[in-house]
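K.L.:
below are the sequence and a predicted model for it; my questions follow.
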Amino acid sequence: MLGFRLTAMLLVVVSIMLVGCGSDPTAAPAAPAAPAAKTSQPTGQTLEQYAAEHAGGPGAIYVGDTSQLVGDAPHGDLGGFDGEVPLDAIDEHLWILENDYYRSLLETAKLTNPTKLVSTGEKHEFQHACINRTLLWCKLIEAYLIPNLTERTNGQIQLSVSSFPELGLAGTDTMTLVRDGTLGASEIYGGYIGGEYPAVEVQYLWGLWPSHEDHYTVLWNIFPDIEKIIKDATGAVVWSHNWIPGDDQMFFSKKALRTLDDFKGLKTRSHSAALSDWIEGMGADAQFVAFAEVYAALERGILDAGVTGASPGFAQRWFEVTEYMNGGLKSFNSTMNVINDKVWADIPDDLQQILIEEGAKLELESHRIAGIQNRMGVARNVDAGLKHVQFSDELNEHSFNVAAIQHVVPSWVKRVGGPDHPAVTETFNKKIGPIVGLEIVADDSEQGFAVRKLK
């Protein structure tokens, strides 16, 4: 599996954008560039030597000593209240660093033997479509990847970030736009495209994840399955992944949600089909609304509540139009960055490889700052004035046993075509079920299958 994952990272987050840009009134100011990490190392340098040289800030890596990762985040918003990544947050999330996926990133990044730049006089200007520039992973691309890439290529690669609102996109058609070349490169969130490609929503079966570590482990183990779906559907290749800690799914609303009766009829913004199933399973009324439009809908009373991750909700300032943050559902989310194959083919080989390596370094940095971001999603909203109402035991029990098992999973199985679909038999039952304690089996019932708890 490790070899497959390394192969799957052979692309990059950049491309020529073939659509016009407008203005995004919700977009944050461009993030200030962090100092570019050092990019040249002597051949034969060990990872331990590299780690010691790059300790204390952006670009630090883990090879056994967590204290080396302590220091400033690439952008103030990406760390704690003081913009730093503290040791206790790193140690608390050691599982983010001690796994096969993190080790695969170290290998792909070629930190001790970076690809030599041989191209000269090249000029490749690229634009990457990110969901929204206020989101932390989009800020990380601007603050960390772009300055490193510019320095590493002597300016031959000029990468910029655009956003779905600037491009007039809701997100549901991103796969189609990438396939036909209208978008040369884009972030792909499986929840947005789940209507057309329901198999990819296996990543986001809300209400199933017992912990952040479980969701993280599920995601990197099924990356090859999801990447194959995207490759087969678009011809594009996934080059890297955005990691989204601080993403526990919360009900942002003007009233506290303490009992099931509080959910009844609540007009609630959803961002995916599976999330809508979970919202309906809690008794509320799910409505898909584009991320950038939710603030106004909450302000005007068109929506009673909005569901998103804690950090994304803060980024869009939902705390200004709601009073309570209720929940939430455990989530350590991820989205995929893809590039159109024809666009990729125009890039010289050495620049391609440098892009691959810098993409892996982007993921390594996202892992360094993940622990503190996992804390700050709730903390920033509370600091901004929201009251955090955690789900009661009754609501948590209903969330898993009713909303997830009776609504989310069965509806997803029906959308993919039934219990014999590979997304069910190969991905869910073999890679996800053992972690969440469930299996999907065909039977003689009216719906043709059952969701059973593993003994």
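P.N.:
It's in.
K.L.:
make it CA atoms for all contacts and neighbour counts henceforth
P.N.:
Will do.
K.L.:
what are the ranges of the helices in the stretch 301-450 of the chain?
P.N.:
Counting by DSSP state H, counting those that start in this stretch, the stretch 301-450 of the chain has helices at residues 310-315, 341-345, 349-368, 370-383, 393-398, 409-416, 422, 433-436.
K.L.:
confidence-wise, which of those is weakest overall?
P.N.:
The minimum mean pLDDT among the helices of the stretch 301-450 of the chain belongs to helix 341-345 (a mean of 89).
K.L.:
Ile432: neighbour count?
P.N.:
A total of 25 residues lie near Ile432 under the criterion other Cα atoms under 10 Å.
K.L.:
over to the closest residue to it other than its chain neighbours. Which of the three states is it?
P.N.:
Take Ile432 and drop its neighbours on the chain: the residue closest to it by Cα to Cα, 6 or more residues apart in numbering is Val218, 6.0 Å away. For Val218, the secondary structure call by DSSP: H, G, I helix; E, B strand; the rest coil comes out as helix.
K.L.:
which SS class is Gln287?
P.N.:
For Gln287, the assignment made with three-state DSSP gives strand.
K.L.:
report the central residue of the protein.
P.N.:
Taking Cα atoms, centre = their mean, the centroid of the chain lies closest to Ser334, which sits 2.5 Å from it.
K.L.:
so who does that one touch?
P.N.:
Tyr189, Leu219, His241, Asn242, Trp243, Ile244 (Cα atoms under 8 Å, 6 or more residues apart in numbering).
K.L.:
what of Glu358?
P.N.:
Contacts for Glu358 were tallied using Cα under 8 Å, 6+ apart; they are Ala109, Leu145, Asn148, Leu149.
K.L.:
out of those, the closest to Met376 would be?
P.N.:
Taking Cα to Cα as the measure, Met376 lies nearest Leu145 of the contacts of Glu358, at 22.2 Å.
K.L.:
how many residues are close by the closest residue to the closest one other than its chain neighbours?
P.N.:
Nearest residue to Leu145, sequence neighbours excluded (Cα to Cα, 6+ apart): Leu362, at 6.0 Å. Leu362: 26 surrounding residues under other Cα under 10 Å.
K.L.:
how close does Leu362 sit to Asn340?
P.N.:
Distance of Leu362 to Asn340, given as Cα to Cα, to the nearest Å: 20 Å.
K.L.:
now do Thr134
P.N.:
For Thr134 relative to Asn340 (Cα to Cα), the value is 25 Å.
K.L.:
the more surrounded of those two?
P.N.:
Legend: neighbour count by other Cα under 10 Å for Thr134 and Asn340, higher for Asn340 (29 against 23).
K.L.:
isn't the residue nearest to Ile432 right up against Lys431?
P.N.:
Yes - in this structure, Val218 is within contact of Lys431 by Cα atoms under 8 Å, at 7.0 Å.
K.L.:
hmm, back to that, so the residue nearest to Ile432 versus Gly385, what's the distance?
P.N.:
According to Cα to Cα, Val218 and Gly385 sit 34 Å apart.
K.L.:
and those two? which has more neighbours close in?
P.N.:
Comparing Val218 with Gly385 by other Cα under 10 Å, the one with more neighbours is Val218, at 22 against 13.
K.L.:
for the more buried one, list the residues it contacts.
P.N.:
Gln203, Lys431, Ile432, Ile435.
K.L.:
and for Phe400?
P.N.:
By Cα under 8 Å, 6+ apart, the contact list for Phe400 reads Gly207, Leu208.
K.L.:
pLDDT at it, what is it?
P.N.:
Per the predicted model, pLDDT is 97 at Phe400.
K.L.:
was I right to think Leu329 contacts Tyr204?
P.N.:
No - look at Leu329 against Tyr204 with Cα under 8 Å: they stay out of range, at 11.1 Å.
K.L.:
residue boundaries of the strands in the stretch 201-350 of the chain?
P.N.:
237-244, 249-253, 267-270, 285-288, 305-309, 324-329, 333-339 (DSSP state E, counting those that start in this stretch).
K.L.:
and the second one, how far from the chain's centre?
P.N.:
For strand 249-253, the distance from its own C-alpha centre to the chain's C-alpha centre is 18 Å (Cα atoms, centre = their mean, to the nearest Å).
K.L.:
go on, the last one?
P.N.:
Between the mean C-alpha location of strand 333-339 and the chain-wide mean there is a distance of 7 Å, by Cα atoms, centre = their mean.
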